[in-house]
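Q: can't give you the sequence, but here's the structure:
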């Protein structure tokens, strides 16, 4: 299994790796492109024949074996070069390293995750120290056997647009064809791979320099980040891997994957077509995955990369990220996203999603103002294996042979007023023969919420002040949840009662008892007894006879989040049915 990752590393080594709503950049948002063959041609920039030779020297290609590349033949004409029967020796730092013990910072992170409440007791109840964790991790993941690099060959390596520009080697296009990946001598694995072609067009100087470092004899340079990572197209076609190692056997195929117009930390198009993965583990379980197409248009790579770095604690500017998010807080990081025919068999479960489509509208400043996720469906069913039989039994206990979900979503955002609206009837989750959950809302304060999510330093310095600021900024205009039951509640209640060995009606009564006492305790939480009484009455009615449970907040004036906090400490600011615009029913 690990050589699938090694093969993909090899791929990287062989490449550079009403409303005034308008699409970002002025391009069409009509569709995405799954297959690379369906993309329009890209104009390859011209080279400089006079300096092409110097560029080849900088790329360690002046002669066979000058760097990590060796070849049987070469033909250099003007600003073009063709090399035949190419062999690439992978640099050591591109190979998976044997485990030699986690760093102290990594151990502390794992320890903190396992001991979330900080009492030194693991989730399983056992006592635990950082020394215990270090000993356990070293015992399980102690020093391993160094990996043997695979042998990577290509029938042809071609360059167009070669030249030295501002003292640096670059090219307009690099293409490798008929690539094979086979186990290195002495490898314990027997994984093989074939790739029809890999292409990189018009890379930035920094990206081209990274490619040059891979071809040279020294260690590979750091991968370009931010605006330094730029090219017009990266495309891989005809990927086929046969996996055979200690973890199991399987196959991985992919018709194509492409990324286009990556500039200024934004990409025009990303697409995957006809991905298939079939792997049987030595332990007995198997995984199957197929995807006919996945595509994204208008990717905000910079937003994603900064958010990932911030989440991982890597070096980034939280102030810049907070500013970017506050400027465009509703931005999901793309203009159009589309998925086609996803099927997966994992352990005992089969998943089937025919499609998913999401579109973003923007104002004339490029800010996201509307996100629509079209109606979609997802089926979850048991597989025909031992694990599937267990899952089938769980489903049967609640009266289902499979679970058929559907849903849709739509959100509107006013960037000047900082108000999000989830229109009624446009946002729902539904389980066939089970329930339908509709939700709608209108609220403000998205910018403050977005900023707080990345301003960890400010939160740590003065959490109370940040919380107060957030509570003052967030305000509720309207919220409604409507749960229409179609038999799911009683099925779930009966299943629970059967498993617990209890009478279903006794379980039902046990749920009603706390609700009867709710009005008594409501004032302590700053809520008027009338609100609690109406809520308890509606929920009690639903438990006894499930229909459509609807809970609504619709205050006459927007209600700040701070009001909910103050109500619990100041009786004069108690939340009433009128101030909340509250209603609850089961009809």
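A: Ah, there it is. From a predicted model like this one, the values you see are computed outputs, not experimental measurements. Residues are numbered from 1 along each chain as shown.
Q: can you count the residues close to the residue nearest to residue 163 when sequence neighbours are not counted?
A: Using Cβ to Cβ, 6 or more residues apart in numbering and skipping residues adjacent in sequence, the residue nearest residue 163 is residue 48, 3.1 Å away. For every residue, glycine as well, the C-beta is placed using N, CA and C. Residue 48 has 16 neighbouring residues, counting by other Cβ atoms under 10 Å.
Q: contacts only, for residue 48.
A: Going by Cβ atoms under 8 Å, 6 or more residues apart in numbering, residue 48 touches 79, 162-165.
Q: what's the next secondary structure element after the lowest-mean-pLDDT helix or strand in the chain?
A: The least trusted helix or strand in the chain, going by mean pLDDT, DSSP states H and E, turns out to be helix 2-13, with a mean of 40. Where DSSP states H and E defines the elements, the next helix or strand beyond helix 2-13 is helix 52-58.
Q: average pLDDT across that next one?
A: What helix 52-58 shows for mean pLDDT is 95.
Q: residues in contact with the helix or strand where residue 566 lies: which ones?
A: Assessed by DSSP H and E, residue 566 sits inside helix 561-567. The contact list for helix 561-567 (Cβ under 8 Å, 6+ apart) reads 445, 468, 470-472, 474-476, 525-527, 573-575, 579.
Q: let's see which of those residues end up in strands.
A: Among those, the members found in strands (DSSP state E) are 475-476.
Q: for ChimeraX, write a command that selects the buried ones of the contacts of helix 561-567.
A: Buried residues within the contacts of helix 561-567, by 16 or more other Cβ atoms under 10 Å, are selected in ChimeraX with:
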select :445,470,471,474,475,476,526,527,574,575,579
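Q: which residue in the contacts of helix 561-567 has the weakest pLDDT?
A: Across the set of the contacts of helix 561-567, residue 468 stands lowest in pLDDT, at 77.
Q: test my guess that residue 539 contacts residue 515.
A: Yes - taking Cβ atoms under 8 Å as the definition, residue 539 is a contact partner of residue 515 at 5.8 Å.
Q: run the chain-centre distance for the helix or strand harbouring residue 438.
A: Per DSSP H and E, residue 438 falls inside strand 435-444. On the basis of Cα atoms, centre = their mean, to the nearest Å, strand 435-444 sits 24 Å off its chain's mean C-alpha point.
Q: cool, and stretch 71-83?
A: Centroid separation for stretch 71-83 versus its chain: 41 Å, with Cα atoms, centre = their mean.
Q: can you list the buried residues in that stretch?
A: For stretch 71-83, burial by neighbour count (16+ other Cβ under 10 Å) applies to 71, 74, 76, 79-83.
Q: so is the closest residue in space to residue 66 that isn't next to it in sequence in a helix, a strand, or just coil?
A: Using Cβ to Cβ, 6+ apart and skipping residues adjacent in sequence, the residue nearest residue 66 is residue 60, 4.7 Å away. When classified by DSSP: H, G, I helix; E, B strand; the rest coil, residue 60 comes out as coil.
Q: wait, residue 60 touches residue 68, no?
A: Yes - using Cβ under 8 Å, residue 60 is in contact with residue 68, at 7.2 Å.
Q: each with direction, which strands does the strand holding residue 438 pair with?
A: Next to strand 435-444 in the sheet, as set by DSSP bridges, lie strand 419-422 (antiparallel), strand 428-431 (antiparallel), strand 475-485 (antiparallel).
Q: list the buried residues in the longest one.
A: Read that as strand 475-485. Within strand 475-485, the residues scored as buried using 16+ other Cβ under 10 Å are 475-480, 482-485.
Q: quick check, nearest of the residues you listed to residue 386?
A: Here the nearest of these to residue 386, counting by Cβ to Cβ, is residue 485; it sits at 33.3 Å.
Q: how about the closest one: what's its closest non-neighbour residue?
A: residue 546 (3.8 Å).
Q: tally of neighbours for that neighbour?
A: Neighbours of residue 546 (other Cβ under 10 Å): 19.
Q: and if you look at the one 10 residues further on?
A: A total of 8 residues lie near residue 556 under the criterion other Cβ under 10 Å.
Q: quick check, it in contact with residue 581.
A: Yes - in this structure, residue 556 is within contact of residue 581 by Cβ under 8 Å, at 6.5 Å.
Q: low pLDDT regions in the protein?
A: Scanning the chain for pLDDT under 70 picks out 1-30, 91-107, 111-128, 134, 136-147, 302-326, 453-463.
Q: for it, longest helix please?
A: Using DSSP state H to define each element, the chain has its longest helix at helix 504-521.
Q: ok now it, how far from the chain's centre?
A: Relative to its chain's centre, helix 504-521 lies at 41 Å (Cα atoms, centre = their mean).
Q: circling back to that earlier point, looking at the strands paired with strand 435-444, which is nearest to residue 89?
A: strand 428-431 (52.3 Å).
Q: pull the residues that contact that closest one.
A: So strand 428-431 is contacted by 403-408, 436-439, 486, 488 (Cβ under 8 Å, 6+ apart).
Q: cutoff 6 Å now
A: The contact list for strand 428-431, computed with Cβ atoms under 6 Å, 6 or more residues apart in numbering, reads 405-407, 436-438.
Q: make a markdown table out of those residues and add distance to residue 275 and neighbour count.
A: Listed next are the contacts of strand 428-431 as a markdown table, based on distance: Cβ to Cβ, whole Å; neighbours: other Cβ atoms under 10 Å:
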| residue | distance to residue 275 | neighbour count |
| --- | --- | --- |
| 405 | 23 | 15 |
| 406 | 24 | 15 |
| 407 | 24 | 18 |
| 436 | 33 | 18 |
| 437 | 32 | 16 |
| 438 | 34 | 18 |
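Q: selection in PyMOL covering whichever of the contacts of residue 48 are buried, please.
A: The buried residues among the contacts of residue 48 can be selected in PyMOL (16+ other Cβ under 10 Å) with this line:
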select buried, resi 79+162+163+164
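Q: okay, and which of the contacts of residue 48 map to helices?
A: Assigned to helices by DSSP H, none of the contacts of residue 48 qualify.
Q: quick one: residue 178 is in a helix?
A: No - going by three-state DSSP, the assignment for residue 178 is strand, not a helix.
Q: in the stretch 301-450 of the chain, which spans are helices?
A: 301-312, 318-327, 386-397, 446-454 (DSSP state H, counting those that start in this stretch).
Q: widest-spaced pair of the buried residues of stretch 71-83?
A: Spatially, the most separated pair among the buried residues of stretch 71-83 is 71 and 79, at 18.8 Å (Cβ to Cβ).
Q: bridging residues for residue 370?
A: Applying DSSP bridges, one finds that residue 370 bridges with residue 361, residue 412.
Q: from residue 234, how far off is it?
A: Residue 370 is 31 Å from residue 234, where distance means Cβ to Cβ, to the nearest Å.
Q: more neighbours: which of the two?
A: Taking neighbours as other Cβ under 10 Å, residue 370 and residue 234 compare with residue 234 leading, 25 against 17.
Q: these two touch, right, that one and residue 259?
A: Yes - at 4.9 Å, residue 234 counts as touching residue 259 under the criterion of Cβ atoms under 6 Å.
Q: still on that earlier bit, same list (the contacts of strand 428-431) but as CSV, adding distance to residue 380.
A: Compiled in CSV, those are given as follows (distance: Cβ to Cβ, whole Å):
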residue, distance to residue 380
405, 7
406, 12
407, 13
436, 17
437, 17
438, 21
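Q: ok, so of these, who is nearest residue 300?
A: Proximity of these to residue 300 was ranked by Cβ to Cβ; the top entry is residue 407 with 24.5 Å.
Q: report the beta-bridge partners for that closest one.
A: Note on residue 407: beta-bridge partners by DSSP bridges are residue 376, residue 429.
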